[in-house]
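1. Sequence first, then the predicted structure, then my questions.
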Protein chains: 2
Amino acid sequence: MGRRPLSTIRRKEFARAAYDCLARHGMSGTTLARVAETAGVSKASLLHYFKNKDELLEAAMRYGNGILKDENAALMKIARTPWQRIYAVIEANTSPRSFKPSVAHGWLTLLAAVPLNPQYCRIQKAIYARTKSNLIGPLRTLSDQETAVAVTETLVSIIDGVWLRLGLGIEPMSTENARAQIELALDARFGQSEERTHARDIMTEASRILMLSKGVNR
Amino acid sequence: MGRRPLSTIRRKEFARAAYDCLARHGMSGTTLARVAETAGVSKASLLHYFKNKDELLEAAMRYGNGILKDENAALMKIARTPWQRIYAVIEANTSPRSFKPSVAHGWLTLLAAVPLNPQYCRIQKAIYARTKSNLIGPLRTLSDQETAVAVTETLVSIIDGVWLRLGLGIEPMSTENARAQIELALDARFGQSEERTHARDIMTEASRILMLSKGVNR
DNA sequence: TTCTTGATTGACTCACCTGTCAATGTAAGT
DNA sequence: ACTTACATTGACAGGTGAGTCAATCAAGAA
C-alpha cells in the first residue's frame, strides 16, 4: 500500500530490537537509547526511521504479531479440511517457535498499552478479527452457528489466557499444557472423531516441518 | 503481621488512587504527581506513606486483587458442596461488581510489570495458588486427580483470557459471555447434573445478595 | 502550657528521556 | 569529479519524574 520504502529491512531490525527490549525491560525500561543500543546504532538513527517512539512501538507490535501471523498463514495454506483449519490456528498459536516466556512478556507489555493508543487498538482489533474468523469458519461447517461462536470465544480466551500465564512466568506453561486445555474445550462440543484426531496429527506434523525449514520467509 | 500501622486506611486510599491511575493512564502515565492529584494530596505526602513508587504500586496490586479476594472469601464461606465451591470461584471472578473494563485494564497494566519485579511476582504467585487450590479441591471430589488438574488449568486460562479481553476493550465482553465460556469448559468433563445446576443458581443468588449488601466489609 | 509525634507540603536536586539539528560519511548516478 | 540522496551520529534543548529535605501544622500527652 502506501508504505514508504525507507529500507523496510532496517525498520524490521529496529522493530525486533524494540520488541526484545519490551520483553526484557518492560514498557518503562524500553527507552529509545536502550533500543538503539540493542540494535547497535545511535538513538538519533532510530528516529531517522521512526518519527517517534509510538511509531517504533507500533512496528514492534506488528513485528511480534507477524511471527504468529506468518506461521498461521503457512499452516492455513496447507489445511484442506475444516478440522485441519482449526488445528492450523491452534498449532500456530501454541507453536514452540514463538510460545516462549520472553515473547509472551513482550506481547503482554504491548497489550497493556493498547487501550491508551487508538492505533495499537486498531492493530489488535484486526488480529482478533482474523483469528476469530479463522476459527468460526470451519467450526460453522461442523456445528450450528451458535455453537461455533461459543467455541470460538472460548478458544480465543484460552489462547489469550495461556499466553498471559506464559508471559507472567510464575508457573510452568508448556505448549503441551496449552494444547491440552484447548483440546478440553473442543471436547465439550465435539467428540474425538477420527477426522479430528487425524487433522491434529497432520497439522502438528506440518508445523514441525515448517519449523525445520527455518523461519517462514518474508 | 509485621504491618506497620501508619494509618492503614490512608494507605488504602492511596492504593486505590494509584489503581485508578493505572487503569486510566497506564504504567507510564501513572506518575507520583498524578496519583497524588487523584488522591487530592501532594506528591511528598504520598512518599510519606510509601517509601517509593514500587511500594505504592505493590499496594495498588494488593488493593485490586483484594476486591476479588474478598468476594471470593465471602462466597466460599457460603458454599457447602463441591459444586458450590467451584461456582463460588467462578462467580467471584466474573462478578459484575468488578468485571469492568477499567478494573481489567488496571489489572492488565500491573500484570505487565510482574516479570520485572520479584515482589509483584510473589504476590501474583500467591493469587494463582489460591485460585487453583480453590478449584482443584472440590474438583477432586468430583473426578480423578488428573481431570481435576486439567479442568482447573483450563478454567484459570479462560478467566485470565476473558479479563485480558475485557481490559483491552476492543470487543464486547460481558459477565454472561465469560460465564458461558467457563460453562463450556466444565461441560467437557462434567454433565449437566441437577447438583451442578442447582449449585450455580445458589451461588449466583448468593453473589447477588452480597452485592446488594454493598461491599463486603473490611 | 509545653512537648512529642506524626501529617503535610513547597522547593529543590538529580537523573534520564524524547526529539531536534547541524555536520559528516558514503554510495551511486552522471 | 561532481552531485544528489540517504545514513549516521554527537551534541543539545526542553521537559518530566523520582525522591529528599527542612519547615510548618495539628493534636494529643504530660
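-> Alright, I've got the coordinates.

2. what about the helices in chain A?
-> Applying DSSP state H to chain A gives helices spanning A:8-29, A:32-39, A:43-49, A:53-78, A:82-94, A:101-113, A:118-142, A:145-168, A:175-187, A:194-212.

3. Which elements pack onto the shortest one?
-> With contacts taken as 3 or more CB pairs under 8 Å, 6 or more residues apart in numbering or on different chains; DSSP states H and E, helix A:43-49 sits against helix A:8-29, helix A:32-39. Placement of C-beta: from N, CA and C, glycine included.

4. So which residues make contact with stretch A:12-26?
-> Contacts to stretch A:12-26, defined as CB atoms under 8 Å, 6 or more residues apart in numbering or on different chains, come from residues A:29-30, A:34-36, A:38-39, A:41, A:46, A:49-50, A:56-57, A:59-60, A:62-64, A:102-103, A:105-106, A:109-110, B:27, B:112-113, B:115-116.

5. make it 6 Å
-> A:30, A:34-35, A:38-39, A:49, A:56, A:59-60, A:63-64, A:102, A:105-106, A:109, B:116 (CB atoms under 6 Å, 6 or more residues apart in numbering or on different chains).

6. how about that stretch as PDB, C-alpha atoms only?
-> In PDB, the C-alpha atoms belonging to stretch A:12-26 read as follows (Å, rounded to 0.1, in the frame of the first residue of the first chain):
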ATOM      1  CA  LYS A  12      12.200  -4.500  10.800                       C
ATOM      2  CA  GLU A  13      15.600  -4.900  12.600                       C
ATOM      3  CA  PHE A  14      14.700  -2.000  14.800                       C
ATOM      4  CA  ALA A  15      11.200  -3.300  15.400                       C
ATOM      5  CA  ARG A  16      12.800  -6.500  16.500                       C
ATOM      6  CA  ALA A  17      15.200  -4.700  18.800                       C
ATOM      7  CA  ALA A  18      12.300  -2.800  20.300                       C
ATOM      8  CA  TYR A  19      10.300  -6.000  20.900                       C
ATOM      9  CA  ASP A  20      13.300  -7.600  22.600                       C
ATOM     10  CA  CYS A  21      13.600  -4.600  24.900                       C
ATOM     11  CA  LEU A  22       9.900  -4.700  25.700                       C
ATOM     12  CA  ALA A  23      10.300  -8.300  26.600                       C
ATOM     13  CA  ARG A  24      13.300  -7.800  28.700                       C
ATOM     14  CA  HIS A  25      12.800  -4.400  30.300                       C
ATOM     15  CA  GLY A  26       9.100  -3.700  30.100                       C
END
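
7. got the residues of chain A near DNA strand C?
-> Residues of chain A lying close to DNA strand C by CB under 7 Å from any atom of the strand are A:T30, A:T31, A:L32, A:A33, A:R34, A:K43, A:A44, A:L47, A:K51, A:N52, A:K53, A:D54.

8. Of these, which is the nearest to B:I170?
-> Nearest to B:I170 among the residues of chain A next to DNA strand C is A:D54, at 17.8 Å by CB to CB.

9. where's the residue nearest to that closest one when sequence neighbours are not counted relative to DNA strand D, distance?
-> Setting aside the residues directly before and after it, A:D54 is nearest to A:N117 in space (CB to CB, 6 or more residues apart in numbering or on different chains), at 6.7 Å. Computed as CB to the nearest atom of the strand, to the nearest Å, the A:N117 to DNA strand D distance reads 17 Å.

10. Could you report the neighbour count for A:N117?
-> Other residues lying near A:N117 total 17 when counted by other CB atoms under 10 Å in any protein chain shown.

11. The residue nearest to A:P82 when sequence neighbours are not counted: what's it in contact with?
-> What sits nearest to A:P82 in space, not counting adjacent residues and going by CB to CB, 6+ apart, is A:P138, at 3.5 Å. Counting by CB under 6 Å, 6+ apart, A:P138 touches A:P82, A:R85, A:I86.

12. Can you add pLDDT and give these back as CSV?
-> What follows is these, written out as CSV (pLDDT from 0 to 100):
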residue, pLDDT
A:P82, 98
A:R85, 98
A:I86, 98
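
13. Please tell me which one of these counts the most neighbours.
-> Neighbour max across the contacts of A:P138 (other CB under 10 Å) = A:I86, 28 neighbours.

14. At the geometric centre of chain A, which residue sits there?
-> Centroid check for chain A by CA atoms, centre = their mean gives A:L68 as the closest residue, at 3.8 Å.

15. Would you mind listing the residues in contact with it?
-> Going by CB under 6 Å, 6+ apart, the list of residues near A:L68 reads A:A92.

16. Pull the number of nearby residues for the residue in chain A that DNA strand D sits nearest to.
-> DNA strand D sits closest to A:A44 of chain A, with a gap of 2.9 Å, by CB to the nearest atom of the strand. Around A:A44 sit 9 other residues, with neighbours defined as other CB under 10 Å.

17. where's stretch A:63-72 relative to the chain centroid, distance-wise?
-> In terms of CA atoms, centre = their mean, to the nearest Å, the centre of stretch A:63-72 is found 5 Å from the chain centre.

18. ugh, wrong one, stretch A:198-216
-> Taking CA atoms, centre = their mean, one finds the center of stretch A:198-216 at 16 Å from the center of the full chain.

19. Name the residues of that stretch that are buried.
-> A:A199, A:R200, A:I202, A:M203, A:A206, A:S207, A:L210, A:V216 (16 or more other CB atoms under 10 Å in any protein chain shown).
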